[in-house]
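Participant: Let's see this in three dimensions:
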Amino acid sequence: MKNKSIAITTYLLFFNKIAAASEGMPQLNPEFWLSQILWLTGIFIILYFLVQKFFSPKLFSLIDARADFIKSLLKEAEIYKNQIQKIDNEYNLIIAEAKNESKKLSAKLKIDFNEKTSLKKKEFENILNSETQKAEQEINTFKKETLENIQSIAGEFSKELIEKITGTAPNSSNLNAVISEISNKEKKNQYV
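Facilitator: Numbering: from 1, shown residues only. Just a heads-up that it's a prediction; the model follows:
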């Protein structure tokens with residue numbers, strides 16, 4: 001179907017002069033083809049000359065300028081990339097040094113703190129020991145004084161108690177002898 005329409009169109013355009021002229025299309029009339037080809041060739045040569053001599057150099061110079069501009073931007077970007085890499089390396093170095101310094105300082109502070117706390121602990125233990133010894137000495141002296149005075153206190157208390165119960169005053173020497181005997185037995189039992 002397509003081939004038929006192409007054949008018909010070709011026949012009507014090239015071989016049928018009457019059909020083309022009668023339709024009002026003189027450019028399809030073969031007697032004008034030579035002048036049309038001449039004008040077409042002339043216009044194409046002029047256009048080719050204009051494009052070759054005027055438009056192409058300007059376009060190529062623009063393309064070259066754009067390529068040079070892009071190359072310069074790429075070079076500049078590479079320079080900036082190298083600078084950024086250098087700054088990043090310096091930054092990482094500074095950070096690493098700061099970390100090392102902070103670790104050293106932290107270790108030093110920890111050692112100092114441990115030394116100070118151990119000194120304070122020793123001072124506190126010494127003070128605590130001395131206070132404990134003082135308290136023990138005071139307790140021991142109070143205990144000795146109490147044990148020494150207990151006989152007299154017990155004697156007086158027993159005397160008053162016996163007087164209240166019996167209504168008669170007991171003999172002080174007999175009472176003191178009994179209390180001292182009981183006290184001596186208790187002392188022996190405590191220290192054994």
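
Participant: Show me what whichever strand or helix holds Ala107 is packed up against.
Facilitator: Element membership for Ala107, per DSSP states H and E: helix 56-166. Other helices and strands packing on helix 56-166, by 3 or more CB pairs under 8 Å, 6 or more residues apart in numbering; DSSP states H and E, are helix 172-191. No exception for glycine: its C-beta is placed from N, CA and C like everyone else's.

Participant: Report how many residues lie close to Ile162.
Facilitator: Ile162: 14 surrounding residues under other CB atoms under 10 Å.

Participant: what sits against it?
Facilitator: Counting by CB atoms under 8 Å, 6 or more residues apart in numbering, Ile162 touches 168-170, 175.

Participant: For the protein, identify the residue most remote from the centre.
Facilitator: Most distant residue from the mean C-alpha position of the chain: Thr168, 93.4 Å away (CA atoms, centre = their mean).

Participant: Is that residue part of a helix or strand, or is it coil?
Facilitator: coil (DSSP: H, G, I helix; E, B strand; the rest coil).

Participant: ditto for Gly42
Facilitator: helix.

Participant: now it: how far from Ala67?
Facilitator: 35 Å (CB to CB, to the nearest Å).

Participant: Sort out which one of the contacts of Ile162 lies nearest Val51 for me.
Facilitator: Nearest to Val51, judged by CB to CB, of the contacts of Ile162 is Leu175 at 150.0 Å.
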